[in-house]
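Engineer: Here is the input, now give the coordinates:
(chains A and B)
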Amino acid sequence: MEYGILKNYIGGVWENSSSAEVLEVHNPATGEVIARVPVSTPEEVHRAVAAAKEAFPEWRETPPMARARYMFRLKALLEEHFEELARTVTTEHGKILDEARGEVRRAIENVEVAAGIPSLLMGYNAEDVASGIDEECVLQPLGVFCCIAPFNFPAMVPFWFLPYAVACGNTYIVKPSEVCPISQSKMFELLDAAEFPPGVVNLVNGDRRVVDVLLAHPDVVGVSFVGSTPVGRYIYATATAHGKRAQCQAGAKNALVVLPDAPLGPTVAAILTSAFGTAGQRCLAGALVLAVGEVYEPLKERLVEAASRLKVGSGLDESVQMGPVATRRALERIHGYIEKGLEEGAILLLDGRKVRVEEYPQGYFIGPTIFDRVRPEMTIAREEIFGPVLGIIPVADFEGALEVIENLPYGNAASLFTSSGKFAREFKYRVRCGNIGINVGIAAPVATFPFSGMKQSFFGDLHGQGRDAIQFFTERKVVITRWF
Amino acid sequence: MSIELNTFGAVLKFAIEWEKRAVAFYEAGARNRLLAPFLELAQGSRKRLRRLEQARREGVAEMILEPISGLDGAAYHLELPPETDDLALWKQARTLEETAARFYQDAASRMPIREVARLLEGLAQENLWRRESLDRLNLAGL
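Structural biologist: Sure, this is the predicted structure:
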């Protein structure tokens, strides 16, 4: 077991959990147990919150410029350990190294943006709002925030929030995914090396039981969550019922619309990356191709041909283009959806279940899978599969494609492939999805922009990253001044 | 045997390994009339190595991590058996630089990430300059 039993990081100290309950962490390429993660006790969660609460007053008074310097130190450490972090992500999650590198890079970008906190935190003012009276608005931190992280981006997602939260002067607790908790342990080793004051950043391992303690804790002022829609809805409802701020980024069913004027070569490459990258376990993954008019036949043919050539295997092999899914349970669930698709009458053009990776017979592998003649009412067209399963829906025209998207319960992302500026403009104007791609299959906002989401893909109002993050982690105080 | 260079990481890894090999080759061969020029080339390769490692860290963009096709590392296979003769070493160095230039040009044309493609183009150009610097040594007359 490569990583042993993972520790918590509370008040600047690495400590073993006293919990008797530990969960196994697997390498999805080999099926081997590579770590064990404790389900931390309520007492440990309370201590983490207490440590964060105690650290808050002093940290809040630390000048933003000084807080920014912690970000610079952290960035340098993340760069120094970049490859090690990427390999850790691949080992525990399964995604290929390039995808893991992309993930770590995006985590670092958030640290870089948060390092601009001296400017980002500036308020605004106006003189003479009434005779002899001036008014100003200042942004102030609130206290202890926490993040409940998903398994699919184990290094990055907590960093959509943590750098901004602490740069703003708050203190923070991360509860990593129990499926992929190792990357955050590594990130916290670097946070520790950056010498944040004790209690400013804390890590508590565990599962839903830990989450429930955090959600009910009176000293936690806000929660950031990324995960499925049912859990996101639960977290949002529970957190807000306890008077907390909450931002819950949830599930997705992202459509990729292809118009007949789209250049097929780059379009097919972009769709492949979108649908099968990270084995389809991105909340931005393209799950449905809406093929408009006469593009349907040639697009279908080229997609199947190109997808069947993707090399599936261990993500640590640089020549592999698609890794395993994260868990055996996920693999079984995906198989179930494929069966469901067949039952409901979709045509299976490419069956990923046939893929075998000889070197790793115990790995959770499934190859790219493509269904044709999917209808919008089918289960595989409506539910999030979170695996490398792409459904093709032929539609008559652009309006028909927009109608399919509008009727989807989710609103995370949608992409259009076209050469037409007119249709591109219509698409981005009308589609109710938070992240829109125009000739981009993975509409992943960079750190200066919010990672958006609408409909059942997001619960809350302020998103992770960018200005939204600054707003979420501060409250505005207005001061009106008159001197006699 | 084919060496699939079908991902961003596979291309960069191949390039990084290439530069490591170049450093080792020039350091091992730096003697006699080749001492100064080979040490300079080794130092240059170390810098190139750092630029490639930086590109691998910073150039990766999840939005455009599209598969790469048509690039096979076996096409740039190069045997560099140990030589003691300056002329033989000089010839190996020229071949190394020419092969590297060819690899970087081919890789640049297939790289979907523009900044990285520009880096690879630049490295190919440098390889041609490095070969010219070897030519100026005029060791062919030895």
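Engineer: give the contact list for residue A:371.
Structural biologist: A:341, A:346, A:347, A:348, A:349, A:380, A:389, A:390, A:391, A:392 (CB atoms under 8 Å, 6 or more residues apart in numbering or on different chains). Glycine gets a C-beta too; all of them are placed from N, C-alpha and C.
Engineer: helix, strand or coil for it?
Structural biologist: Residue A:371 carries the three-state label strand when classified by DSSP: H, G, I helix; E, B strand; the rest coil.
Engineer: same deal with residue A:138?
Structural biologist: From three-state DSSP, the assignment for residue A:138 is strand.
Engineer: Report how many residues lie close to the closest residue to residue A:380 other than its chain neighbours.
Structural biologist: Distances taken as CB to CB, 6 or more residues apart in numbering or on different chains put residue A:341 closest to residue A:380, at 4.2 Å, once the chain neighbours are dropped. For residue A:341, the count of nearby residues is 22 (other CB atoms under 10 Å in any protein chain shown).
Engineer: Just to be sure, residue A:341 is in a helix?
Structural biologist: Yes - Residue A:341: assigned to a helix according to three-state DSSP.
Engineer: one step back: name the nearest of the contacts of residue A:371 relative to residue A:173.
Structural biologist: Residue A:173 lies nearest to residue A:389 out of the contacts of residue A:371, by CB to CB, at 35.1 Å.
Engineer: For the closest one, which non-adjacent residue is closest in space?
Structural biologist: Using CB to CB, 6+ apart, the closest residue to residue A:389 is residue A:369 (4.5 Å).
Engineer: how about the strands in the stretch 351-484 of chain A?
Structural biologist: In the stretch 351-484 of chain A, the strands defined using DSSP state E, counting those that start in this stretch lie at A:369-372, A:389-395, A:410-411, A:413-417, A:435-438, A:454-455, A:458-459, A:475-482.
Engineer: Of these, flag the one that's most buried.
Structural biologist: strand A:413-417 (a mean of 30; mean count of other CB atoms under 10 Å in any protein chain shown).
Engineer: pLDDT (mean, whole number) over that strand?
Structural biologist: If you average the pLDDT over strand A:413-417, you get 98.
Engineer: swap in stretch A:36-56?
Structural biologist: The model assigns stretch A:36-56 a mean pLDDT of 98.
Engineer: hang on, residue B:55 packs against residue B:119?
Structural biologist: Yes - at 5.3 Å, residue B:55 and residue B:119 qualify as touching, with contact defined as CB atoms under 8 Å.
Engineer: Flag every residue of chain B that's near chain A.
Structural biologist: Chain B comes close to chain A at residues B:3-10, B:13, B:56-58, B:60-67, B:112, as judged by CB under 8 Å from any CB of the partner chain.
Engineer: Just the buried subset of those, please.
Structural biologist: B:4-10, B:13, B:56-58, B:60-67, B:112 (16 or more other CB atoms under 10 Å in any protein chain shown).
Engineer: quick one: pLDDT of the residue of chain B found nearest chain A?
Structural biologist: Nearest residue of chain B to chain A (CB to the nearest CB) works out as residue B:62 at 3.7 Å. Confidence at residue B:62, expressed as pLDDT, is 73.
Engineer: Over to the nearest residue to it once chain neighbours are set aside. Which of the three states is it?
Structural biologist: Nearest non-adjacent residue to residue B:62, counting by CB to CB, 6+ apart: residue A:102, 3.7 Å away. Three-state secondary structure (criterion: three-state DSSP) places residue A:102 in helix.
Engineer: from the stretch 1-150 of chain A, which residue is nearest to chain B?
Structural biologist: Closest point on the stretch 1-150 of chain A to chain B, by CB to the nearest CB, is residue A:102, at 3.7 Å.
Engineer: just checking, residue B:59 touches residue B:113?
Structural biologist: Yes - taking contacts as CB under 8 Å, residue B:59 lies within contact range of residue B:113: 5.4 Å.
Engineer: Touching both of those two, which residues are there?
Structural biologist: Jointly contacting residue B:59 and residue B:113 under the rule CB under 8 Å, 6+ apart are residue B:8.
Engineer: now stretch A:294-308: mean pLDDT?
Structural biologist: Stretch A:294-308 comes out at a mean pLDDT of 98.
Engineer: Which residues in it does the neighbour count mark as buried?
Structural biologist: By 16+ other CB under 10 Å, the buried positions in stretch A:294-308 come out as A:295, A:296, A:299, A:300, A:302, A:303, A:304, A:306, A:307.
Engineer: On the three-state scheme, the residue nearest to the first one when sequence neighbours are not counted is what?
Structural biologist: If you skip the residues right next to it in sequence, residue A:295 has residue A:260 as its closest partner in space, 4.4 Å away by CB to CB, 6+ apart. The three-state label for residue A:260, taken from three-state DSSP, comes out as coil.
Engineer: ok, residue A:260 touching residue A:298?
Structural biologist: No - Residue A:260 lies out of contact with residue A:298 (CB under 8 Å); the separation is 9.4 Å.
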